[in-house]
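Peer 1: Turn this into a structure:
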Amino acid sequence: MSFSLSVKEHVMIAHSFKGELFGPAQRLHGATYVITATFFTEQLDEHNLVIDIGEAHRVLKLVLEPLAYQNLDDLPAFKNTNTTTEYLCAWIHQQIKTHIGELGIDRMRIELKESHVAWATYEAAL
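Peer 2: Model prediction:
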């Protein structure tokens, strides 16, 4: 049994991929990702919360802000990296993890939706 709380945000980026496998996505293209961060805990805190919704949303926005309207190929954090949806899920997870500290959260899932028919998730313990 566990409790969860989710917050959602979006970010518009540009990027390209290296490798024949990616076909036309090797060229520079844009994406609008809808990101859902879900926080899980076995027990609610003393205020009966998983995490404060405002704080969860603030941290998600803080992590996404440096990516907004950027070509990820140009950012040092992603140099020589194929910024696939799966990879970005794990990257966002790690960034949020560094910002939330010790809040009693057991694990977190990050979901990036590229469209209504394609998305990826990454879930790991904190």
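
Peer 1: Look up phi and psi at residue 53.
Peer 2: phi -60, psi -40 (degrees, to the nearest 10).

Peer 1: From what I see, it and residue 6 are in contact.
Peer 2: No. If you go by CB atoms under 8 Å, residue 53 and residue 6 don't touch, sitting 9.3 Å apart. Using the backbone N, CA and C atoms, a C-beta is placed for each residue, glycine as well.

Peer 1: Same drill for those two, tell me which one is more crowded.
Peer 2: When residue 53 and residue 6 are compared on other CB atoms under 10 Å, the one with more neighbours turns out to be residue 6, at 15 against 12.

Peer 1: surely that one meets residue 40?
Peer 2: No. Applying CB under 8 Å, one finds residue 6 not in contact with residue 40, separated by 9.9 Å.

Peer 1: Between the two, which contacts overlap?
Peer 2: The contact sets of residue 6 and residue 40 do not overlap (CB atoms under 8 Å, 6 or more residues apart in numbering).

Peer 1: Assign a three-state SS to the most centrally placed residue in the chain, would you?
Peer 2: Geometric centre of the chain, nearest residue: residue 92, 3.7 Å, by CA atoms, centre = their mean. Secondary structure, DSSP: H, G, I helix; E, B strand; the rest coil: residue 92 is helix.
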